[in-house]
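Participant: What shape does this take:
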Amino acid sequence: MRRTTLRIGIIGTDSSHAAAFTRIINDINDPYYIPGGQVIAAYPGGSSDFPLSASRVEGFMEALQDDFGVARADSLEALTRQCDAYLLLSADGRVHLDQLREIVHSRRPVFIDKPLALSLKEAKSIFELANYWDVPIMSSSSLRFLESLVHDLDCFGRHSITAAAVQGPLVIESTQSRYFWYAIHAAEMLYSIMGPGCREVRAEREAAGERLIGIWRDGRRGEILCRSDGDDRFLAQLDRHGAITKLDAAHSATPFYASLVAQIIPFLQTGRSPVHWRETTEIIAFLEAAERSLAAGGAAQPVAGVL
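Facilitator: Residues are numbered from 1 along each chain as shown. The predicted structure follows:
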């Protein structure tokens with residue numbers, strides 16, 4: 001029988017998400033508190049060759065201990081002996097598969113923070129491993145559950161959308177490939193609007209940044225403008241046969257993280273992800289193809305697994 005309150009373990013305290021998620025889950029006085037779980041332990045992790053990870057891992061671990069009474073786990077094995085579910089929040093997408101290998105035997109649900117993986121090969125390996133051990137997996141950016149976007153899709157659906165364009169900042173970390181570190185946020189937004197089924201993608205450089213243009217199997221067009229000109233807004237434009245809806249993430253009343261945690265807790269309780277694994281895998285394939293296109297001077301590249 002599942003516990004009423006899940007004992008949640010964090011893997012990776014090298015991301016601000018560790019503290020932000022824990023506050024929303026543990027602090028009943030937080031205005032965006034989500035009941036149903038309690039973060040009780042964390043394994044710090046961290047990647048020595050990734051400066052952003054190495055410089056933050058101990059600070060966030062100490063904050064979890066001091067502010068929320070979260071226990072430090074000295075190994076992933078120790079974490080599996082305490083917890084009913086996991087938040088795999090390691091900032092470094094390169095380590096997600098190996099960390100999953102160490103906990104999957106416990107057969108408990110795992111939320112894996114973005115980026116799920118840095119290649120389609122590793123993304124497939126994650127889901128193959130999870131399927132073998134019958135472990136529910138969810139992976140998503142918080143931008144997928146942007147309040148205004150969810151409201152629009154709930155009201156009007158996505159079946160009538162003929163095209164979409166989104167934008168977000170292009171932030172590159174050298175260890176995380178080109179588009180997987182931050183462009184993945186905008187990619188999640190685009191896929192929440194368009195759904196899966198992208199046939200090919202091309203990447204073009206322009207004055208404001210880099211534009212990723214996807215063509216879906218039914219002929220619809222979805223674009224991502226990854227801005228490198230200092231504009232860090234997340235915007236979306238939905239086209240329904242000429243009727244245009246424009247959304248600005250800054251206008252959502254609920255913080256991104258709270259909207260995401262509101263999806264994570266029910267997933268950890270039920271094992272049913274609101275995002276299908278095939279769609280998550282295709283997003284990785286989309287970004288990988290976009291990087292190939294940029295390297296090939298903008299030539300269209302097939303999105304693997306679709307053709």
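Participant: Show the backbone phi and psi for the residue in the chain sticking out farthest from the centre.
Facilitator: What lies farthest from the middle of the chain is Gly242; by C-alpha atoms, centre = their mean that is 30.3 Å. The phi/psi pair for Gly242 (degrees, to the nearest 10) reads phi 100, psi -20.
Participant: Relative to Gly222, how far out is it?
Facilitator: Distance, Gly242 to Gly222, using C-beta to C-beta, to the nearest Å: 17 Å. Just so you know, the C-beta spots here come from the backbone N, C-alpha and C atoms, and that holds for glycine as well.
Participant: before we move on, what about His96?
Facilitator: 26 Å.
Participant: which one of these two has more residues nearby?
Facilitator: A side-by-side neighbour count of His96 and Gly222, using other C-beta atoms under 10 Å, places His96 first with 27 against 24.
Participant: Can you tell me the SS state at the more buried one?
Facilitator: Of the three states, His96 takes helix under DSSP: H, G, I helix; E, B strand; the rest coil.
Participant: max-length helix in the chain?
Facilitator: Longest helix in the chain, counting residues (DSSP state H): helix 277-295.
Participant: Against which helices or strands is that one packed?
Facilitator: Applying 3 or more C-beta pairs under 8 Å, 6 or more residues apart in numbering; DSSP states H and E, one finds that helix 277-295 makes contact with helix 120-133, strand 137-140, helix 183-194, strand 198-206, strand 209-216, strand 301-302.
Participant: Out of those, which is the most enclosed?
Facilitator: Mean neighbours per residue, mean count of other C-beta atoms under 10 Å, is largest over those for helix 183-194, with a mean of 26.
Participant: List the contacts of it.
Facilitator: 114-115, 140-146, 149, 153, 158, 161, 164, 166-168, 170, 179, 212, 214, 216, 220, 222-226, 234, 236, 238, 279, 282-283, 286-287, 290 (C-beta atoms under 8 Å, 6 or more residues apart in numbering).
Participant: Now intersect these with the helices, please.
Facilitator: In helices, defined here by DSSP H, the members of those are 149, 153, 279, 282-283, 286-287, 290.
Participant: Those residues: which two are farthest apart?
Facilitator: Farthest-apart pair in the ones in helices among the contacts of helix 183-194 is Leu153 and Ala290; separation 23.7 Å (C-beta to C-beta).
Participant: quick one: which of these two has more around it?
Facilitator: Ala290 (26 against 14).
Participant: Isn't the more buried one up against Arg211?
Facilitator: No - Ala290 is beyond contact range of Arg211, at 9.8 Å (criterion: C-beta atoms under 8 Å).
Participant: Between those two, which contacts overlap?
Facilitator: Contact criterion C-beta under 8 Å, 6+ apart; residues shared by Ala290 and Arg211: Ala203.
Participant: per-residue confidence averaged over the helix or strand harbouring Ile112?
Facilitator: Counting by DSSP states H and E, the element that carries Ile112 is strand 110-113. For strand 110-113, mean pLDDT rounds to 98.
Participant: hey, C-alpha coordinates of that strand in PDB?
Facilitator: C-alpha atoms of strand 110-113 as PDB (Å, rounded to 0.1, in the frame of the first residue of the first chain):
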ATOM      1  CA  VAL A 110      11.400   9.000 -10.800                       C
ATOM      2  CA  PHE A 111      11.000  12.500 -12.100                       C
ATOM      3  CA  ILE A 112      14.100  13.400 -14.200                       C
ATOM      4  CA  ASP A 113      14.700  17.200 -14.600                       C
END
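Participant: partners of it, with directions?
Facilitator: Next to strand 110-113 in the sheet, as set by DSSP bridges, lie strand 85-88 (parallel), strand 137-140 (parallel).
Participant: Dump those strands to TSV, plus distance to Val57 and mean pLDDT.
Facilitator: Shown next, in TSV, are the strands paired with strand 110-113 (distance: least, C-beta to C-beta, whole Å; pLDDT from 0 to 100):
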stretch	distance to Val57	mean pLDDT
strand 85-88	14	98
strand 137-140	21	98
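Participant: any chance of those strands in JSON lines, plus distance to Ser119?
Facilitator: JSON lines is the format used below for the strands paired with strand 110-113 (distance: least, C-beta to C-beta, whole Å):
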{"stretch": "strand 85-88", "distance to Ser119": "17"}
{"stretch": "strand 137-140", "distance to Ser119": "14"}
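Participant: Out of those, flag the one nearest Val70.
Facilitator: Nearest to Val70, of all these, is strand 85-88, at 11.4 Å by C-beta to C-beta.
Participant: Convert the C-alpha atoms of the closest one to PDB, please.
Facilitator: C-alpha atoms of strand 85-88 as PDB (Å, rounded to 0.1, in the frame of the first residue of the first chain):
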ATOM      1  CA  ALA A  85       9.900   8.200  -5.000                       C
ATOM      2  CA  TYR A  86      12.700  10.300  -6.400                       C
ATOM      3  CA  LEU A  87      13.400  13.700  -7.900                       C
ATOM      4  CA  LEU A  88      16.500  13.300 -10.100                       C
END
